[in-house]
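>>> Take this sequence and fold it.
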Amino acid sequence: MPHAKDAQRSLFARQSRVRGLMLGLALGDTLGAARGTLPATGPLSAGVSTQLACFTAEGIIRAQVRGNHKGICYAPGVVLHAYSRWAYLQGIAPEKMRQRWNPYGSKGWPDGWLAGVPALAQRRGSAPATVTALSRIEQGEPDMTTPSRGCHALTRALPVAVTGPVGVGQAAPLAALTHGDKAAQNATAQAAFLAHHCLSHPAPGSAEAVREALHAGLAALPVKGVPVTEQEQGRLAEALRCAAAEPARPGHLMRLAPDPTAPAALLGGVYAAASFPARADLRAALAFAAAAPDGDSVACVTGALLGAVHGVEALPADLISRHELAWVLDTLARDMTLELDDSPSGMEHVEAWDPHWWDRYPGW
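Residues are numbered from 1 along each chain as shown. Below you'll find the predicted structure:
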């Protein structure tokens with residue numbers, strides 16, 4: 001019995017931090033889009049980064065399901081299918097999407113439970129490079145990609161951090177599905193790796209944990225084979241130094257994150273998170289990040305990093321409870337943890353303990 005209780009507590013702790021990452025990125029996305037000033041009442045709309053992050057999370061689960069049942073899986077291809085379902089719901093090249101994924105009309109498509117969420121079919125901002133690339137779906141990868149360095153390559157990929165060091169290696173290929181710029185791909189991989197370190201830091205909840213996790217992740221980047229140039233690592237180190245010596249300076253935020261690119265989102269998010277490492281300062285951290293020139297991407301990264309360290313309980317309940325995708329994000333976070341911990345749909349020679357899991361997350 002003690003071992004069962006320990007396992008249950010461990011699962012609960014992991015779920016709290018994964019939920020914190022997912023809901024933190026969403027709250028940052030929403031707060032940043034509003035430039036830090038939210039309406040006093042009523043529902044809070046999700047941003048496009050949050051919508052795409054939902055489909056990244058769903059794609060991660062479906063790739064894991066496929067690997068368990070088929071023995072082989074190329075995860076970026078499964079996540080591309082997820083982004084295509086988002087595009088179809090959004091009315092982006094719907095005939096091309098149907099022709100690519102259901103050419104004979106032989107099955108219900110788009111499939112999986114996420115396709116039934118109405119808010120994911122609503123336009124919630126612009127992701128031009130992602131839309132442009134997906135509109136070329138018939139050309140196939142890599143011909144469909146764009147030369148963009150835009151931030152959505154990174155913000156949508158943050159859930160990959162949940163898969164651990166091995167899975168994080170898929171972050172750059174996920175960015176490359178639509179964004180051909182090498183700096184965007186590198187920043188995406190670095191962000192996922194740093195977020196993984198935030199999720200796995202042994203002292204969750206403490207103010208020291210945020211800076212310790214980011215420093216440890218930064219030091220391990222080249223060791224673990226994460227794509228990073230000497231210049232990129234130097235900029236990340238500078239962001240952390242500035243946060244320790246001169247935290248929460250608008251001038252530093254403007255210099256580190258001057259535009260809506262993936263590298264700027266990463267540098268600004270790291271600076272904001274490390275400037276407000278205390279659990280009680282999470283709201284202030286998001287408000288500060290939202291003041292960046294591209295506040296939604298910077299606050300999105302900030303919220304993900306801090307939520308991953310402090311857990312979902314640290315997020316402002318008055319805001320999370322009003323977010324239109326709170327339940328969706330929370331469900332995806334729990335299901336990602338479950339799938340990686342104990343495949344509910346079973347495996348090739350192992351019976352499923354949840355007979356409905358495959359219908360929720362078809363493995364393709």
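>>> contacts and neighbour counts: CA atoms only from here.
Will do.
>>> what about stretch 143-159, start to end distance?
25 Å (C-alpha to C-alpha, to the nearest Å).
>>> Which pLDDT value goes with residue 3?
With respect to pLDDT, residue 3 scores 66.
>>> And for the one 4 residues further on?
Residue 7 is assigned a pLDDT of 76 by the prediction.
>>> count of residues packed around it?
Residue 7: 12 surrounding residues under other C-alpha atoms under 10 Å.
>>> again with residue 97
24.
>>> these two touch, right, it and residue 88?
Yes - the pair residue 97 / residue 88 is scored as a contact, 6.4 Å apart, by C-alpha atoms under 8 Å.
>>> Pull out the buried positions in the biggest helix by length in the chain.
Determined from DSSP state H, the single longest helix within the chain is helix 2-33. Neighbour counts over helix 2-33 (16 or more other C-alpha atoms under 10 Å) mark 14-33 as buried.
>>> What of stretch 349-361?
The neighbour-count check on stretch 349-361 (16+ other C-alpha under 10 Å) flags 357-358, 360-361 as buried.
>>> what's the answer for stretch 310-320, then?
With burial defined by 16+ other C-alpha under 10 Å, the residues of stretch 310-320 counted as buried are 310-312, 314-315, 319-320.
>>> Quickly check these for the two that are furthest apart.
310 and 319 (16.6 Å; C-alpha to C-alpha).
>>> Spatially nearest residue to the residue nearest to the spatial centre of the chain (excluding sequence neighbours)?
The structure's the chain has its C-alpha centroid closest to residue 158; by C-alpha atoms, centre = their mean the separation is 2.5 Å. Counting by C-alpha to C-alpha, 6 or more residues apart in numbering, the nearest residue to residue 158 once its immediate chain neighbours are dropped is residue 192, at 5.5 Å.
>>> burial count for the one you found?
Neighbour count of residue 192, defined by other C-alpha under 10 Å: 33.
>>> ditto for residue 258
Counted with other C-alpha under 10 Å, the neighbours of residue 258 add up to 17.
>>> Is it correct that it falls within a strand?
No - Residue 258 is assigned coil when assessed by DSSP: H, G, I helix; E, B strand; the rest coil, not a strand.
>>> What residues does the closest residue to it other than its chain neighbours make contact with?
Leaving aside its chain neighbours, residue 258 sits nearest to residue 293 (5.9 Å; criterion: C-alpha to C-alpha, 6+ apart). Residues in contact with residue 293 (C-alpha atoms under 8 Å, 6 or more residues apart in numbering) are 254, 257-260.
>>> Among those, which one lies nearest to residue 269?
Nearest to residue 269 among the contacts of residue 293 is residue 257, at 8.5 Å by C-alpha to C-alpha.
>>> on that earlier part again, name the secondary structure element that contains the residue nearest to residue 258.
Assessed by DSSP states H and E, residue 293 sits outside every helix and strand.
>>> One more: the one 10 residues further on?
In this assignment (DSSP H and E), residue 303 forms part of helix 295-310.
>>> I'd like the distance between the residue nearest to the centre of the chain and residue 196.
From residue 158 to residue 196 the distance is 9 Å (C-alpha to C-alpha).
>>> Repeat that for residue 204.
Noted for residue 204: a distance of 13 Å to residue 196, by C-alpha to C-alpha.
>>> These two: which has the busier surroundings?
For residue 204 versus residue 196, neighbours defined as other C-alpha under 10 Å are more numerous around residue 196 (28 against 21).
>>> Helix, strand, or coil at that one?
Applying three-state DSSP: residue 196 is helix.
>>> got JSON lines for the buried residues of stretch 349-361, with distance to residue 75 too?
Shown next, in JSON lines, are the buried residues of stretch 349-361 (distance: C-alpha to C-alpha, whole Å):
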{"residue": "357", "distance to residue 75": "18"}
{"residue": "358", "distance to residue 75": "17"}
{"residue": "360", "distance to residue 75": "18"}
{"residue": "361", "distance to residue 75": "14"}
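>>> wait, which of these is closest to residue 84?
Proximity of the buried residues of stretch 349-361 to residue 84 (C-alpha to C-alpha) peaks at residue 361, which lies at 15.2 Å.
>>> if we can go back for a sec, give me the helices and strands touching the helix holding residue 303, please.
helix 2-33, helix 152-155, helix 182-200, helix 207-220, helix 262-275, helix 282-290 (3 or more C-alpha pairs under 8 Å, 6 or more residues apart in numbering; DSSP states H and E).
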